[in-house]
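**Q** generate coordinates for the sequence data below:
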Amino acid sequence: MSDTTIDRETWLARKPVRSPEMEQAIFGGDVGEAADLALDEINPLNPHLFREHRWHEHFARLRREDPVHFNELGSAGRYWSVTTYDDVRTVDGDWKTYSSADGITIGPPVGAPLPPTIGNAASSFIAMDPPDQTTQRKTVRGISAPSSLRNLDDLIRERTIGVLDSLPEGETFDWVETVSIELTTLLLATLFDFPLEDRHKLTRWSDIVTTIPQRGGVVESGAQQRAEMAECLDYFEELWVERRANPGFDLVSMLAHGEGTKDMPPAAHLGNLFLLIVGGNDTTRNSMSGSVYGLNTHPDQYTKLIADPSLVTNLVPEIIRWQTPLSYMRRTATCDTELGGKQIRKDDQVLMWYLSANRDESVFGANSEAIDLERANADRHLSFGYGIHFCMGSRLAELQLRILWEEILGRFERIEVVDEPERTLSAFINGYTKLPVKVTRKPK
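**A** From the prediction side, this is the model:
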């Protein structure tokens, strides 16, 4: 049964592909420091590197010594980590050789069934190749058109002002929950024309679909994860029926009436819905949180920004480069090929580490690990991808971050990070779960 005809019962019956053994093999346990490991022991997929913020030297070493790096596990098969700027662009720009159709995150060897998640959703246009990818992407592209952005500018600014003006002064609070999540969820609800009173469901669904089930985690089991995804499907099925009868200018209506998507049942759209939820939520909220944390860890740049607010223009691409909210994307080789002197076999998984490419010293200089608000080529970053899958929401993400910092600089002396953040247990989402801060307002 294809994903264009899949029914709800079939979708709900699907089982997670990854076994507990596979999760343990790829994700479990601690990893040593890069300098202490043999080259073939380095596996940057371990999410503990990201939660503990220890990934930098692992990728720096791979860029220096083995920029197209091979790993193999029985549970995942053969996969390559591509870590330099030029090699990542080569892979991302060649969809015929490196396909998205078998999923965009690490998975089992090609041929196993894929679960309907953001990482491996056959019904999501980010996990398709042309012509299907082109047709489905075109359906929702209008939401980020220049005219749409102009219409959203005033609304984003009004909401940003409201959130910032409500912040407590001199008290510690969580920037992630209070600002980043609130602002991105408000906008995402607007893009879906989703009931504002239920908007935090969108955040929850974004979190559960990108998480690794574990005790004490966002979800504790695959069963819980599937149950909450089913709740999402039920909710959007109701919206689907409503928008078929009464369409508006929103993402649900666009999918319900688009030429390439209107005949698909609601369950077949779940991949696209999760793609749009995660794309509109995780990426922007982690750039917002990363900007506050990053400027606190580079106080000279924060001082420079306060002295010259016009630097906000370059702050936006530089923070998105430095943070890189989505660490990597996967492609699958469609034929035997060569990359960086390595022989890639047909069906090998190829991981494009945007996070590493954005720190490639040959492109961004010897200070590539630092924030530099005067970096001349900050906008060359690959955080939005490259080629046919370049993020269609990139301008909207930049708009939100620019407005946020314009309003911050107008009303606060400083935003002070008072403790180290808590980070996402994920090699895919490079993000923050908590960032304790205090704000000091400017005198009126």
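**Q** now the helices for the stretch 151-300 of the chain?
**A** Using DSSP state H, counting those that start in this stretch, the helices found in the stretch 151-300 of the chain span residues 175, 182-192, 200-210, 222-245, 251-257, 270-297, 299-307.
**Q** so for Pro47, which of the ones you listed sits nearest?
**A** Between Pro47 and those, the shortest separation by Cβ to Cβ is 11.0 Å, and it involves helix 200-210. C-beta coordinates here come from the backbone N, C-alpha and C atoms, glycine included.
**Q** Arg395: which of the helices of the stretch 151-300 of the chain is closest?
**A** With Cβ to Cβ as the criterion, Arg395 lies closest to helix 270-297 of the helices of the stretch 151-300 of the chain, at 11.7 Å.
**Q** adding mean neighbour count, write the helices of the stretch 151-300 of the chain out as JSON lines.
**A** Compiled in JSON lines, those are given as follows (neighbours: other Cβ atoms under 10 Å):
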{"stretch": "helix 175", "mean neighbour count": "24"}
{"stretch": "helix 182-192", "mean neighbour count": "22"}
{"stretch": "helix 200-210", "mean neighbour count": "21"}
{"stretch": "helix 222-245", "mean neighbour count": "16"}
{"stretch": "helix 251-257", "mean neighbour count": "21"}
{"stretch": "helix 270-297", "mean neighbour count": "24"}
{"stretch": "helix 299-307", "mean neighbour count": "15"}
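**Q** rebuild those helices as TSV, extending it with mean pLDDT and distance to Gly77.
**A** As requested, these are arranged in TSV below (pLDDT from 0 to 100; distance: least, Cβ to Cβ, whole Å):
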stretch	mean pLDDT	distance to Gly77
helix 175	98	40
helix 182-192	90	35
helix 200-210	82	22
helix 222-245	84	21
helix 251-257	80	33
helix 270-297	85	22
helix 299-307	97	42
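**Q** want to throw the ones you listed into TSV with distance to Arg423?
**A** Written out in TSV, the entries for the helices of the stretch 151-300 of the chain read as follows (distance: least, Cβ to Cβ, whole Å):
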stretch	distance to Arg423
helix 175	14
helix 182-192	18
helix 200-210	13
helix 222-245	20
helix 251-257	29
helix 270-297	10
helix 299-307	21
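**Q** ok, which of the ones you listed comes nearest Ile408?
**A** Comparing the helices of the stretch 151-300 of the chain against Ile408 with Cβ to Cβ, the closest turns out to be helix 270-297 (8.6 Å).
**Q** what backbone torsions are found at the residue positioned nearest the centre of the chain?
**A** Nearest to the geometric centre of the chain sits Leu326, at 3.8 Å (Cα atoms, centre = their mean). Dihedral angles of Leu326 (phi, psi; degrees, to the nearest 10) stand at phi -110, psi 110.
**Q** tell me what it is bridged to.
**A** For Leu326, the beta-bridge partners are Ile429 (DSSP bridges).
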